[in-house]
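Trainee: Could you work out the structure for the sequence below:
(chains A and B)
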Amino acid sequence: MSPGHQQVTGNINSFNTVNFIAELDDEGHQILQWLSPLEPQKRHQGVRTDRLDGVGNWVLETTEFRKWRDGEDGCVEPVLFCYGNPGVGKTYVRYEVNWSKITPMLLTISK
Amino acid sequence: MVGLYCDFHAQQEQSTTNMLGAMLKQLASRGGISEHTREAFREAKKEFGGRGLRLPDMVDVLKKAITSLPRLFICIDALDECAQKHRRELMESLRQIVRVSPGARVFLTGRPHIDDEIVECFNSPLRIPLTPTHGDIKSYLEMRLSGDSTPSAMDDGLREDIMTIIPKKISEM
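Mentor: So this is what the prediction gives:
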């Protein structure tokens, strides 16, 4: 297993809430339910499994990405938009080189 | 770090308040539930029989939960798959949130057609156009070839063709 993979996996765990929820009191559980029925961390597990190591890593090296990540608070534009056509590669590669896979990579910088 | 995945098939369920609520949920399950969130819950239970928060209140609770954090990455994937009404509300809410939280960073992905909406909402967002690189395509193809279910139909020539022609076609798209 590559160090990159381990890093991502470790960080995925911080995204996964299951372990933490167990420590909440009754009201806490009710509050989580009440806040939203959505459970994005479940989808996240799926994306993680499908992700091919290294694909899309070049995004992390772009000037825009670095500026966004490292820029001084209040001075840098806090919003970064990555856009692409779903058709790019789909016909030939069938499984898209998917932008979803960039999101888990961000976990590596969010510790 | 909090994250959401938008999905065409879940547009109904993925209302703006549900999506913002999911972010709060992620924050709460890691950092504990803030007193402010608890109060909002008790209030809602008492006055409205447990009804969910209205959008402005949800934004308010989220703002309070985020301002104290030195750094927070908010990642939203496939924003174009979110219903247009919800998308606008979500972006507007994010705009309000980042305004009061200098440590927050928002990472959005989506198809190019929502670019105008994003530029309109956030003053001058940083933007990166995504296309799979040659290396990305090659790694993907190698992965697929190694999992070939009928390896007897494969030979060096075919493999070579796959590895050359597909990346070439994609780069011409």
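Trainee: Now tell me which helix or strand of chain B has the poorest mean pLDDT.
Mentor: Using mean pLDDT, DSSP states H and E, helix B:134-146 stands out as the lowest-scoring helix or strand of chain B, at a mean of 82.
Trainee: Check which helices and strands that one sits against.
Mentor: Taking 3 or more Cβ pairs under 8 Å, 6 or more residues apart in numbering or on different chains; DSSP states H and E as contact, the helices and strands that helix B:134-146 lies on are helix A:90-93, helix B:156-172. The way it works is simple: take the backbone N, C-alpha and C, and place the C-beta from them, glycine included.
Trainee: relative to helix B:156-172, how tilted is it?
Mentor: Going by axes from the mean of the first three to the mean of the last three Cα atoms, to 10 degrees, helix B:134-146 is angled at 140 degrees with respect to helix B:156-172.
Trainee: Can you show me the CA trace of helix B:134-146 as PDB?
Mentor: The C-alpha coordinates for helix B:134-146 follow below in PDB (Å, rounded to 0.1, in the frame of the first residue of the first chain):
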ATOM      1  CA  HIS B 134      -2.700  11.200 -20.300                       C
ATOM      2  CA  GLY B 135      -1.300   9.700 -17.100                       C
ATOM      3  CA  ASP B 136      -4.800   9.500 -15.500                       C
ATOM      4  CA  ILE B 137      -6.200   7.700 -18.500                       C
ATOM      5  CA  LYS B 138      -3.200   5.300 -18.700                       C
ATOM      6  CA  SER B 139      -3.500   4.300 -15.000                       C
ATOM      7  CA  TYR B 140      -7.100   3.800 -15.500                       C
ATOM      8  CA  LEU B 141      -6.700   1.600 -18.500                       C
ATOM      9  CA  GLU B 142      -4.000  -0.500 -16.800                       C
ATOM     10  CA  MET B 143      -6.300  -1.000 -13.900                       C
ATOM     11  CA  ARG B 144      -9.100  -2.200 -16.200                       C
ATOM     12  CA  LEU B 145      -6.800  -4.500 -18.200                       C
ATOM     13  CA  SER B 146      -5.500  -6.100 -15.100                       C
END
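Trainee: circling back: lowest average confidence across the helices and strands packed on helix B:134-146, which one?
Mentor: Here the lowest mean pLDDT among these goes to helix A:90-93, at a mean of 36.
Trainee: ok so, going back, okay, the helices and strands packed on helix B:134-146 in a markdown table with distance to residue B:128 and mean neighbour count next?
Mentor: Formatted as a markdown table, the helices and strands packed on helix B:134-146 follow (distance: least, Cβ to Cβ, whole Å; neighbours: other Cβ atoms under 10 Å in any protein chain shown):
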| stretch | distance to residue B:128 | mean neighbour count |
| --- | --- | --- |
| helix A:90-93 | 20 | 16 |
| helix B:156-172 | 18 | 13 |
